[in-house]
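Trainee: structure for this input, please:
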Amino acid sequence: MAITAAMVKELRELTGAGMMDCKKALTETNGNMEEAVEFLRKNGQAKADKKAGRIAAEGICRIAVEGGRAAVVEVNSETDFVAKNEMFQNFVEAVAKQALHTTAADMDAFLAENWEEDASKTVKDALVEKVATIGENLNIRRFEVVEAPIVVDYLHGGGRIGVIVAAEAGTDNDVIREAVKNVAMQVAALTPKYVSRDEVGDDYIAHEKEILLAQIMNDPKESAKPQKVIDGMINGRINKELKEICLLDQIYVKAEDGKQTVGQYLAQVGKENATDLKITKFVRYETGEGLEKKNEDFAAEVAAQMNQ
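Mentor: Here you go, the predicted structure:
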């Protein structure tokens, strides 16, 4: 059967696959559209397996919110070009909505769930199809769900950073939520590790003190000081570090006097609204953090693909 341009166009619209892939699928199935779609799905699986070894360190974060529940996801791509692609971004938004309703405790269970947009597929099936369509390795790297009386989300840099802040207050109004949004922006900008000092473990403090003591002992001038002075130096440096890594101890980025801490800011807002405003948790995702980014000559990559 002769394969026409119209048939190729129709198959492309049905699957989103490349023109040559569609032509090959139609040729292999003697022009049967349904079989060609199935052929591409199977071929897409093969492509996905082939691309799975490539580094995916770009991408975006997206957040879905429903009442007092919010979910943040990070989905990676190989290139920033794909990360800005509308099809990819729509897929990540769908993944965030999936995470909002998930009961999965880990990524394997999440990938095995039925895909909300098409129950005949799993989340992994949907991912594999998107890999075949877009032509890059994609990876649903992580997700987290937060539940609280008040949850506020913030996306920075088009989704490069995604933040959820959970809070409790006797009053829930626009002023309270604006304050929590300001805190979410603080989390995005200054990267705290903990909400408060109460969350910092004794092991962490002991480890940091050990490192600081070693640094002092390696300095001839500082190591010659009395032990009491050395202890004071160590405690001072620990206190400085805690002010940097504990959200409530950080200087509030919008502080008019440049001195007000986040904790003091929240206390002020709470007092003005006759309530106790408390941050209970935050989640901060930054795209690609901790991942190795691929640095390869583009011309060489194109040549390599042409020789496949």
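
Trainee: which elements pack onto the helix or strand hosting residue 221?
Mentor: In this structure, residue 221 sits in helix 220-223 according to DSSP states H and E. Identification of packing neighbours for helix 220-223 by 3 or more CB pairs under 8 Å, 6 or more residues apart in numbering; DSSP states H and E yields helix 202-217, helix 227-245. The way it works is simple: take the backbone N, C-alpha and C, and place the C-beta from them, glycine included.

Trainee: mind checking which of those is nearest residue 83?
Mentor: Smallest distance to residue 83 across these (CB to CB): 29.0 Å, for helix 227-245.

Trainee: before we move on, the earlier item: now do the buried residues in the helix holding residue 221.
Mentor: Neighbour-count burial for helix 220-223, counted by 16 or more other CB atoms under 10 Å, picks out no residue.

Trainee: can you tell me what sits against that helix?
Mentor: By CB atoms under 8 Å, 6 or more residues apart in numbering, the residues outside helix 220-223 that reach it are 216, 217, 230, 233.

Trainee: and residue 157, how many neighbours?
Mentor: 12 (other CB atoms under 10 Å).

Trainee: and it, what's its pLDDT?
Mentor: pLDDT for residue 157: 94.

Trainee: please apply the same query to residue 264.
Mentor: Per the predicted model, pLDDT is 98 at residue 264.

Trainee: can you check residue 56 too?
Mentor: 62.

Trainee: same thing with residue 12?
Mentor: So residue 12 comes in at 77 (pLDDT).

Trainee: didn't it look like it was pressed against residue 22?
Mentor: Yes. Applying CB atoms under 8 Å, one finds residue 12 in contact with residue 22, separated by 5.1 Å.

Trainee: ok, back up a step: how about TSV for the helices and strands packed on helix 220-223, with distance to residue 77, mean neighbour count and mean pLDDT added?
Mentor: TSV is the format used below for the helices and strands packed on helix 220-223 (distance: least, CB to CB, whole Å; neighbours: other CB atoms under 10 Å; pLDDT from 0 to 100):
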stretch	distance to residue 77	mean neighbour count	mean pLDDT
helix 202-217	34	13	89
helix 227-245	31	13	93
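
Trainee: out of the ones you listed, flag the one nearest residue 33.
Mentor: helix 227-245 (57.9 Å).

Trainee: list the helices and strands that closest one packs on?
Mentor: Against helix 227-245 (3+ CB pairs under 8 Å, 6+ apart) you get helix 202-217, helix 220-223.

Trainee: and this protein, split by domain according to the record?
Mentor: 5-43, 58-193+286-298 (automatic domain parsing).

Trainee: distance from the first one to the middle of the chain?
Mentor: Between the centre of domain 5-43 and the centre of its chain there are 34 Å (CA atoms, centre = their mean, to the nearest Å).

Trainee: tell me the buried residues in that domain?
Mentor: Counting neighbours by 16+ other CB under 10 Å, domain 5-43 gives 7-8, 11-12, 15, 17, 21-26, 29, 31, 36-37, 39-41, 43 as buried.

Trainee: who's the closest spatial neighbour of residue 179, skipping the chain neighbours?
Mentor: residue 269 (4.3 Å; CB to CB, 6 or more residues apart in numbering).

Trainee: and what of residue 273?
Mentor: Using CB to CB, 6+ apart, the closest residue to residue 273 is residue 171 (5.3 Å).

Trainee: helix, strand or coil for that neighbour?
Mentor: coil (DSSP: H, G, I helix; E, B strand; the rest coil).

Trainee: which residues touch it?
Mentor: Contacts of residue 171 (CB under 8 Å, 6+ apart): 273, 274, 275.

Trainee: what's the distance between the last one and residue 70?
Mentor: To residue 70, residue 275 is 21 Å away according to CB to CB, to the nearest Å.

Trainee: mind checking which of the two has more residues around it?
Mentor: residue 70 (24 against 16).

Trainee: now the more buried one: which helix or strand?
Mentor: Going by DSSP H and E, residue 70 is part of strand 69-77.

Trainee: so how far is that strand off the chain centroid?
Mentor: 5 Å.

Trainee: and whichever helix or strand comes after that strand, how far out from the chain's middle?
Mentor: For strand 69-77, the succeeding helix or strand toward the C-terminus, using DSSP H and E, is helix 80-83. The chain centroid and the centroid of helix 80-83 are separated by 15 Å under CA atoms, centre = their mean.

Trainee: packing partners of helix 80-83?
Mentor: Secondary elements touching helix 80-83 (3+ CB pairs under 8 Å, 6+ apart): strand 58-66.
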